[in-house]
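Undergrad: below is the sequence, then the predicted model.
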Amino acid sequence: IEKAVLSKIIEGFKRFGIDPRVVTSIELNHMIRDFNPEKLLDPIDMKHEERIDASIKELKANTFNLRRGEFSYTKDTERIKRSLRATAVLGILTLFLVALFFVLKITSAREDIFTQQREMNKIYSDIFPVAPGDSPRGDDKKTVPNLYQLKARIKEMKDKRERLIGYSPLNLLLDISGVERGTVVFNEIVMDKGSVTLRGEAGSFNDIQKIKEDLTRILSDVNISDSKTSAQGRVLFTIAAQEKKA
């Protein structure tokens, strides 16, 4: 069959909304099944009943299909392509929605973390406020993680409490106040369990030596650890001592 004729037949079907999947020939099929070279020159004579039977057989299992090459049936292929394109679009949209969901979850989680961190900072500041004029401690300048700072400060306070258990700073201050000081002025007294540090100034080195000797009555291992003269002519000193054991 000529291509022009086959093309015309297929286009004629398409105008009526019909796109045949298979184009075959009853005569060629009959000729192939009962092949005889002599029949090639003579027209095939088939009865009406034979044509019907041959058509039914060809519909069930066609012997050959003339829709090949440029006449190939592409409707299913185009439908599959459209389906694949739609599936790809849906897949991309699904991935986008999933990614958006995780981004929103991560953003929400980060906001919750920042909110909790701000609350922790506020609680930490309420527990350990910085006095006016004081600069924050080195470890207090950090904003994260204040939980560790809080634990460190609590441990520090517990250690101080342990060192001061059974220690009476008031009694020691009363004892020091009873010592004849002369020109000696104590500017700072630091007391820790078992040790005392006194810093102050005096009119002369002799006054410092005398206060040292007087302190030996209430303290042990009294030593002048530092002394120097200030610009005003006063003698600055530091005395280190130990608490007397009962």
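TA: Nice, I can see it.
Undergrad: show me what whichever strand or helix holds Ala109 is packed against.
TA: When secondary structure is defined by DSSP states H and E, Ala109 falls within helix 75-127. If contacts are counted by 3 or more Cβ pairs under 8 Å, 6 or more residues apart in numbering; DSSP states H and E, helix 75-127 sits against helix 146-164. In this view, the C-beta of every residue, glycine as well, is placed from N, C-alpha and C.
Undergrad: the helix it packs on: what's the following helix or strand?
TA: Proceeding C-terminally, helix 146-164 gives way to helix 169-177 as the next helix or strand, assigned by DSSP H and E.
Undergrad: quick one: average confidence on that following helix?
TA: With pLDDT averaged residue by residue, helix 169-177 scores 81.
Undergrad: what is the subsequent helix or strand relative to that helix?
TA: Helices and strands here follow DSSP H and E; after helix 169-177, the next one along the chain is strand 185-192.
Undergrad: tell me which other helices or strands that following strand touches.
TA: Taking 3+ Cβ pairs under 8 Å, 6+ apart as the contact definition, the neighbouring helices and strands of strand 185-192 are helix 169-177, strand 195-202.
Undergrad: just give me the neighbour total for Ile208.
TA: The burial metric for Ile208, expressed as a neighbour count using other Cβ atoms under 10 Å, is 22.
Undergrad: circling back to that earlier point, could you point out which of the helices and strands packed on strand 185-192 sits nearest Ala152?
TA: Ranking the helices and strands packed on strand 185-192 by their distance to Ala152 (criterion: Cβ to Cβ) puts strand 195-202 first, at 23.1 Å.
Undergrad: and Val235, its phi and psi?
TA: As for Val235, its main-chain torsions (degrees, to the nearest 10) stand at phi -100, psi 120.
Undergrad: same deal with Val222?
TA: Taking degrees, to the nearest 10 as the convention, Val222 sits at phi -80, psi 130.
Undergrad: ok so, going back, quick one, which of the helices and strands packed on strand 185-192 is packed in tightest?
TA: The highest mean neighbour count among these belongs to strand 195-202 (a mean of 19), with neighbours defined as mean count of other Cβ atoms under 10 Å.
Undergrad: brilliant, that's me finished.
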